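1. Next come a sequence and a model predicted from it.
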Amino acid sequence: MKNKSKNYAWYTLPDIENMKQMIREKAYTKPDDVCFSYPDDNGDKVSVTFMEYFHQVNSLGTWLYMNGFTGGKHIAVIGENSYKWLLAFGAVVSGGNAAVPIDKDLKPAEAVRNIKKADCEMILCADNCKELLEPLAGSIPVLFMSDFEEAVKTGAERIRIGDRRFVDCEIDSETICCILFTSGTTGVAKGAVLTNRNITEEINRTCRNFKLEGKTVAVLPFHHAFGLVVGIWMVFNYGYETYINKNLRTISKALVDEKPQTMFLVPLFVEAFHKQIWREAKKKKADEKLKKAMKISNGLLKTGIDMRSRFFDSVLTPFGRNLQYVICGGAKLEPFYVKEFRSWGIEILNGYGMTECSPVISVNRNFYHRDGTVGIGIPGAEFKISGDGEVMVTGPFVMREYYKEPELTREALEDGWYHTGDIGFIDKDGFLTLTGRKKNLIILSNGENISPEELEGDLSLDDGVEEVLVYEENGRIIAEIFPAEEKTGDEAYFKALIAKINEGRPIYKQINELRLRTEEFEKNTSHKILRKK
């Protein structure tokens with residue numbers, strides 16, 4: 001095993017210039033290898049090879065060209081994670097058009113607002129999302145995914161008789177690849193314009209940072225940058241299979257059956273898996289035994305002896321016994337979870353990014369990681385810290401603009417440097433540590449600044465805390481908690497927890513008031529808690 005305290009050379013993989021090129025080259029270098037698999041309506045596994053995907057993209061893309069969508073058009077893609085969703089995306093962007101992924105969980109008014117704001121001229125939509133389009137009253141043409149098979153047949157026939165307009169079209173790297181709407185915890189979503197260059201440079205550079213060596217199971221939504229660009233297309237570029245998990249109810253079976261080597265998750269999933277592991281251990285009265293095994297195993301690891309696969313069979317089996325890495329991003333993950341999963345034999349590599357940066361800008365590496373940080377910048381990422389502590393980044397993956405939002409674009413981009421809105425610092429080895437969101441900072445009357453995320457992180461480690469939000473009200477620091485089911489209404493328990501959290505902290509960093517909730521916090525479609533304005 002490489003020395004984790006010392007960096008090493010970037011991994012190498014041939015660079016790609018655009019999505020069309022990547023899809024074509026994988027078809028000819030790995031024609032019979034599986035790129036995507038998924039369960040059909042009966043639960044049987046369906047596999048699609050790189051060559052089959054290539055042909056189907058060309059066929060559906062040719063159908064789009066036949067119907068007047070011959071490049072430069074904005075086309076919405078709506079639906080749950082599915083193979084047809086990825087077929088739609090591939091066909092749109094390989095023809096020089098721009099894909100506009102729309103969150104299927106939006107209310108119809110908001111979905112239509114995004115469709116219109118992005119100037120979409122066509123919609124590719126899952127049949128079970130029809131109600132989202134009702135406010136449009138047929139004003140924009142729609143191809144439902146149940147009709148894809150016929151469209152692909154029609155396109156394939158046109159190619160057969162010599163229509164090669166789509167197949168032979170060239171993609172300009174500066175044209176728009178996709179417009180991804182951010183879902184922030186405050187305010188109205190903005191459409192980040194990502195060019196073909198942005199997306200492919202992101203894929204090229206994340207592939208140099210992290211080495212993938214096996215299949216994955218996709219659980220993150222495709223309409224988000226992390227789930228789509230990294231969770232799907234980085235894996236595709238490496239030439240490995242992605243199993244498309246349909247919904248959260250089937251994830252346990254998918255992990256056992258598919259045995260992924262790597263997964264891409266947000267902290268919500270990591271925390272849920274962690275709680276489930278300990279819940280099962282307690283149910284079987286094996287939690288003390290598990291703690292003892294972890295202590296022994298960690299001691300052996302320090303001497304170079306790795307017994308984790310033997311010691312933690314009960315933990316690893318539900319993940320398929322082949323899971324080595326979890327790439328985690330999208331929100332803060334406490335180092336506690338990284339250490340626990342490492343004890344069991346699964347390395348969590350925490351990273352950092354945002355839609356506007358395509359999305360990843362830093363991540364811990366396979367054999368070079370530092371707990372509590374979000375890793376080092378991917379190749380080509382440059383950072384600087386502003387006078388007020390804000391992290392700023394530049395690189396070829398930074399968006400072109402917010403679509404039709406020139407004022408917001410000017411606020412976010414300064415001479416090519418993107419204002420992340422996050423407060424942080426970079427250590428001497430290049431590892432980035434985040435301490436909070438600039439807009440969330442609590443500034444007290446005495447001039448002291450507090451990052452609520454710090455207090456929230458400490459509170460969330462307690463099993464009795466399901467959700468928590470820390471904020472300021474009339475000069476007092478409030479901790480609002482939605483308890484775990486077994487601690488509902490137990491005010492004394494949480495008062496004791498607050499006292500424990502406050503212990504040893506400066507007075508200005510102490511929580512002044514506890515508020516217990518009886519309902520979950522309101523969240524955005526990324527399942528992030530909406531902060532109080």
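-> Yep, that arrived.
2. Run through this protein and note the low-pLDDT ranges.
-> 1-5, 183-187, 445-446, 525-527, 533 (pLDDT under 70).
3. Look up how far Ile385 lies from the spatially most central residue of it.
-> By CA atoms, centre = their mean, the chain has its centre lying nearest to Phe226, at 3.2 Å. Applying CB to CB, to the nearest Å, the value for Phe226 to Ile385 is 24 Å. For the C-beta atoms, the positions are set from N, CA and C on the backbone; glycine is no exception.
4. With Ile305 instead?
-> Ile305 is 41 Å from Ile385, by CB to CB.
5. try Thr317
-> Thr317 is 44 Å from Ile385, by CB to CB.
6. can you check His224 too?
-> Counting by CB to CB, the gap from His224 to Ile385 is 27 Å.
7. So between the two, which is more surrounded?
-> A count of neighbours by other CB atoms under 10 Å puts His224 above the other of His224 and Ile385, at 22 against 14.
8. does that one really touch Thr355, like I thought?
-> Yes: counting by CB atoms under 8 Å, His224 does reach Thr355; the two are 7.4 Å apart.
9. List the residues that are in contact with both of the two.
-> Leu180 (CB atoms under 8 Å, 6 or more residues apart in numbering).
10. what about the strands in the stretch 351-500 of the chain?
-> For the stretch 351-500 of the chain, the strands defined by DSSP state E, counting those that start in this stretch cover 360-363, 376-377, 382-385, 390-394, 401-402, 413-414, 417-426, 432-437, 442-443, 449-450, 465-473, 476-483.
11. Strands of the stretch 201-350 of the chain, start to end?
-> According to DSSP E, counting those that start in this stretch, the strands that the stretch 201-350 of the chain contains are 216-218, 242-244, 262-265, 325-328, 347-353.
12. Distance to Ile378 and mean neighbour count for the ones you listed - can I get that in JSON lines?
-> Below are these laid out as JSON lines (distance: least, CB to CB, whole Å; neighbours: other CB atoms under 10 Å):
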{"stretch": "strand 216-218", "distance to Ile378": "19", "mean neighbour count": "24"}
{"stretch": "strand 242-244", "distance to Ile378": "21", "mean neighbour count": "23"}
{"stretch": "strand 262-265", "distance to Ile378": "15", "mean neighbour count": "25"}
{"stretch": "strand 325-328", "distance to Ile378": "12", "mean neighbour count": "24"}
{"stretch": "strand 347-353", "distance to Ile378": "9", "mean neighbour count": "24"}
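13. nearest to Ile140, of those?
-> Closest approach to Ile140 among the strands of the stretch 201-350 of the chain (CB to CB): strand 242-244, 26.8 Å.
14. Give the other helices and strands that that closest one contacts.
-> strand 34-39, strand 216-218 (3 or more CB pairs under 8 Å, 6 or more residues apart in numbering; DSSP states H and E).
15. would you turn the ones you listed into JSON lines with distance to Gly71?
-> Compiled in JSON lines, the helices and strands packed on strand 242-244 are given as follows (distance: least, CB to CB, whole Å):
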{"stretch": "strand 34-39", "distance to Gly71": "25"}
{"stretch": "strand 216-218", "distance to Gly71": "29"}
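16. Surely Glu340 and His274 touch.
-> Yes: assessed by CB under 8 Å, Glu340 is found in contact with His274 at 6.4 Å.
17. Most distant residue from the centre of the protein?
-> Farthest-from-centroid check, the chain (CA atoms, centre = their mean): Ile161, 41.5 Å.
18. What does that residue show for phi and psi?
-> phi -90, psi 10 (degrees, to the nearest 10).
19. Pro103 touches Phe222, doesn't it?
-> No Pro there; residue 103 is Asp. No: applying CB under 8 Å, one finds Asp103 not in contact with Phe222, separated by 10.0 Å.
20. of those two, who's got more company?
-> Between Asp103 and Phe222, Phe222 has the larger neighbour count (other CB under 10 Å), namely 24 against 20.
21. hang on, the more buried one packs against Ile232?
-> Yes: with contact defined as CB under 8 Å, Phe222 reaches Ile232; the gap is 6.8 Å.
22. Now for the two: what residues contact both?
-> Leu86.
23. on that earlier part again, okay, the residue nearest to the centre of the chain and Leu220: tell me how far apart.
-> From Phe226 to Leu220 the distance is 6 Å (CB to CB).
24. Is the residue lying closest to Phe36 once chain neighbours are set aside in a helix, a strand, or coil?
-> Nearest residue to Phe36, sequence neighbours excluded (CB to CB, 6 or more residues apart in numbering): Val48, at 4.7 Å. Following DSSP: H, G, I helix; E, B strand; the rest coil, Val48 is assigned to strand.
25. quick one, what contacts Pro318?
-> 252, 255-256, 276 are the contacts of Pro318 under CB under 8 Å, 6+ apart.
26. Swap in 10 Å and give it another go.
-> 252, 255-256, 273, 276-277, 280 (CB atoms under 10 Å, 6 or more residues apart in numbering).
27. Buried ones among those residues?
-> 255, 273, 277 (16 or more other CB atoms under 10 Å).
28. Serialize those residues to JSON lines and add fields for distance to Gly138.
-> As requested, the buried ones among the contacts of Pro318 are exported to JSON lines (distance: CB to CB, whole Å):
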{"residue": "Leu255", "distance to Gly138": "42"}
{"residue": "Phe273", "distance to Gly138": "44"}
{"residue": "Ile277", "distance to Gly138": "50"}
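29. of those, closest to Pro14?
-> Leu255 (31.1 Å).
30. Test my guess that the closest one contacts Val219.
-> Yes: between Leu255 and Val219 there is a contact at 9.3 Å, judged by CB atoms under 10 Å.
31. joint contacts of the two?
-> What both Leu255 and Val219 touch, as defined by CB under 10 Å, 6+ apart, is the set 243, 245, 263.
32. Let's have these in TSV, adding distance to Lys332.
-> Compiled in TSV, the shared contacts of Leu255 and Val219 are given as follows (distance: CB to CB, whole Å):
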residue	distance to Lys332
Tyr243	28
Asn245	25
Met263	19
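33. Mind giving me the packing neighbours of the host helix or strand of Ala76?
-> In the assignment (DSSP states H and E), Ala76 maps to strand 74-78. Contact analysis of strand 74-78 by 3 or more CB pairs under 10 Å, 6 or more residues apart in numbering; DSSP states H and E lists helix 83-93, strand 98-102, helix 108-117, strand 122-125, strand 142-144, strand 176-181 as its packing neighbours.
34. cutoff 8 Å now
-> When contacts are defined as 3+ CB pairs under 8 Å, 6+ apart, strand 74-78 sits against helix 83-93, strand 98-102, strand 122-125.
35. The second one: which residues count as buried?
-> Okay, so that is strand 98-102. Residues 98-102 are the ones in strand 98-102 that count as buried (16+ other CB under 10 Å).
36. which ones are touching Asp490?
-> Taking CB under 8 Å, 6+ apart as the test, what Asp490 contacts is 464, 483.
37. Check Tyr238 too.
-> By CB under 8 Å, 6+ apart, the contact list for Tyr238 reads 13, 207, 212.
38. between the residues you listed, which has the most around it?
-> Highest neighbour count within those, by other CB under 10 Å: Cys207, with 25 neighbours.
39. In space, what's closest to Gly389 - neighbours in sequence excluded?
-> What sits nearest to Gly389 in space, not counting adjacent residues and going by CB to CB, 6+ apart, is Ile423, at 4.5 Å.
40. Pretty sure the one you found sits against Gly387.
-> No: contact between Ile423 and Gly387 fails when scored by CB under 8 Å: they sit 11.8 Å apart.
41. So which of these two has more stuff around it?
-> Ile423 (23 against 5).
42. re the thing from before, run me through the strand neighbours of the strand holding Ala76, direction for each.
-> If you go by DSSP bridges, strand 74-78 pairs up with strand 98-102 (parallel), strand 122-125 (parallel).
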